[in-house]
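*Asks:* what follows is a predicted protein model with its sequence.
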Amino acid sequence: MPPEEPLYERDPEAWRAYLAEGNATQPRKRVGADALIRDAAGRLLLVDPKYKPDWDLPGGMSEANEPPAETVRRELKEELGLDLHLGQLLCIDWVSPHGPWDDSLMFIFDGGILHERQIAALSLHDNELRAFKFCSENEAAERLRPYIWRRTHAALDALRAGKAPYLQNGHP
């Protein structure tokens, strides 16, 4: 007896319905993307969000079906009025479930070094941020939550080494 044709050949509509059903029941991951932005002195741009107690890198959470690089570009424009061409991916960090949140994938891209004119033009453009500030690595380590500092430190190492690591909760 000849083998039966696979479903995708025999009934393409049924195959699409089967895939759609699987897609609807598979877990979804939150995705966020940040930029590692520096000034000429090498200080890091941090932002102080109103909706959480600690400082953060500029960026945010992706909207549905939005690529991570576009997420960070959109967030920079919305929050700081900054229109940047992003450089290379510096790291990907899987963040385990914590508090009310499921797990997530967090990306950090190289936002480059801002010139004095770009820095002077920075301003708060929406109500999500309280402030922004360029900080030394030591200041950043004090202001950022520990796992975000570990991720940021890994991104700084990747910038120097030219290799983007995969992290889990900020650890290689």
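*Replies:* Here it is on my side, so go on.
*Asks:* next, find the distance separating residue 64 from residue 30.
*Replies:* 11 Å (CB to CB, to the nearest Å). From N, CA and C alone the C-beta is placed, and that goes for glycine too.
*Asks:* show me what the helix or strand of the chain with the lowest mean pLDDT is packed against.
*Replies:* Among the helical and strand segments of the chain, the one scoring lowest on mean pLDDT, DSSP states H and E is helix 7-10, with a mean of 80. Helices and strands touching helix 7-10, by 3 or more CB pairs under 8 Å, 6 or more residues apart in numbering; DSSP states H and E, are helix 12-25.
*Asks:* what average pLDDT does the helix it packs on get?
*Replies:* Averaged over helix 12-25, pLDDT sits at 82.
*Asks:* quick revisit: of residue 64 and residue 30, who's got more company?
*Replies:* residue 30 (13 against 6; other CB atoms under 10 Å).
*Asks:* you'd agree the more buried one is up against residue 102?
*Replies:* Yes. With contact defined as CB atoms under 8 Å, residue 30 counts as touching residue 102 (6.5 Å).
*Asks:* quick one: end-to-end length of stretch 80-93, please.
*Replies:* With CA to CA, to the nearest Å as the measure, the first residue of stretch 80-93 is 24 Å from its last.
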